[in-house]
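> output the structure for:
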Amino acid sequence: MHPGAPVIAHVKTLNEVGMSNDLVARRAGVSPNLLSGLMRGLTKDCRRDTAIRLLAVQAGDFDEIAEVPSTGSSRRIQALYAMGHGQRVLADATGLCESSVSHIANARTKKVDASTAAAICRAYHQLAGTSGSSNAARRRAAQMGWRDPLWWEDMGHIDDPDFDPAAAERPLNTHQQAALRREEIAHLSSYGLGHEEIATRLGMAAAYVRDVLREMREAAA
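The predicted structure is shown next:
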């Protein structure tokens, strides 16, 4: 027999990343009732082969029927709103109904099933680099303070529930703000976007973006 304490500690670590005991049991190929008894303290130890199977389960190893934390899914949909992709477009891209898209965007649920999270990831990779046509979606994102894909690309942590986007931002002085705007413009220009589309994405005046791009070209020459 194998002591239950290290197995229980490992399973609790898996629970902390959103893995349920039922999922852990499925991944380990053991009886859910056996794991439940161990976690509830009804049994103090378990067979060695059972312990090895449970200890081998990796954090984040979700299967298609598991529920996963909704943090990344919510932030990805919010970011696509910020790019002007409306609810109907996102529903088509993810295969979800419009009400589900809204529900997840507004973080009204703590978990989503793994297949939904995967569908949202695919839609995000497909749409994150393009501008949508919904001004209503952009307004909604602006009102809610939702960050766009470029912001998440710079910051990372899109799936981390402990990461607070608001706390990550610090006031910038005038020179820092100007430098950041130029970096954002240069980044989008490197993808071949024109000054008008860059201005739309960044919420800047088209004339300002055009002048910055001209100054960059002159400096490079």
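> and the helix or strand harbouring E218, what other elements does it pack with?
In the assignment (DSSP states H and E), E218 maps to helix 206-220. Identification of packing neighbours for helix 206-220 by 3 or more C-beta pairs under 8 Å, 6 or more residues apart in numbering; DSSP states H and E yields helix 174-189, helix 195-202. Where you see a C-beta, it was placed from the backbone N, CA and C, and this is true even at glycine.
> give me whichever of those is most buried.
Most buried of these, by mean neighbour count (mean count of other C-beta atoms under 10 Å): helix 195-202, with a mean of 18.
> counting by contacts, list what that helix packs against.
Looks like helix 195-202 contacts helix 174-189, helix 206-220 (3+ C-beta pairs under 8 Å, 6+ apart).
> figure out the helix or strand that the residue nearest in space to the middle of the chain lives in.
What sits nearest the mean C-alpha location of the chain, by C-alpha atoms, centre = their mean, is G72, with 2.4 Å. Element membership for G72 (DSSP H and E) is helix 71-82.
> same check on D63?
Per DSSP H and E: D63 is located in neither a helix nor a strand.
> now it: how far from L80?
Here the distance between D63 and L80 works out to 26 Å (C-beta to C-beta, to the nearest Å).
> my guess is R147 contacts Q78. True?
Yes: if you go by C-beta atoms under 8 Å, R147 and Q78 touch, sitting 7.2 Å apart.
> these two: who's more crowded?
Neighbours per residue (other C-beta atoms under 10 Å) separate R147 from Q78, with Q78 holding more: 23 against 20.
> which residues touch the more buried one?
By C-beta atoms under 8 Å, 6 or more residues apart in numbering, Q78 lies in contact with A105, A141, M144, W146, R147.
> now rank these by neighbours and give me the top one.
Most surrounded of those: other C-beta under 10 Å gives A105, at 24 neighbours.
> please name the nearest non-neighbouring residue to it.
Using C-beta to C-beta, 6 or more residues apart in numbering and skipping residues adjacent in sequence, the residue nearest A105 is I77, 4.3 Å away.
> can you add distance to G18 and give the helices and strands packed on helix 195-202 back as TSV?
TSV is the format used below for the helices and strands packed on helix 195-202 (distance: least, C-beta to C-beta, whole Å):
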stretch	distance to G18
helix 174-189	33
helix 206-220	41
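> now do Q87 against W151, distance only.
From Q87 over to W151 the distance is 21 Å, taken as C-beta to C-beta.
> looking at those two, which is more packed in?
Ranked by neighbour count (other C-beta under 10 Å), Q87 and W151 place Q87 first, with 21 against 16.
> surely the more buried one meets E98?
Yes: with contact defined as C-beta under 8 Å, Q87 counts as touching E98 (4.8 Å).
> how does the protein divide into domains?
For the chain, automatic domain parsing gives the domain ranges 2-55, 67-166, 174-220.
> give me whichever of the ones you listed is most buried.
domain 67-166 (a mean of 18).
> average pLDDT for that domain, rounded please.
Per-residue pLDDT values across domain 67-166 average out to 91.
> now the end-to-end length of it.
End-to-end distance of domain 67-166: 27 Å, with C-alpha to C-alpha, to the nearest Å as the criterion.
> how about the helices in this protein?
Taking DSSP state H as the criterion, the chain contains helices spanning 5-16, 21-28, 32-39, 48-55, 71-82, 87-94, 98-105, 114-127, 135-144, 149-155, 165-168, 174-189, 195-202, 206-220.
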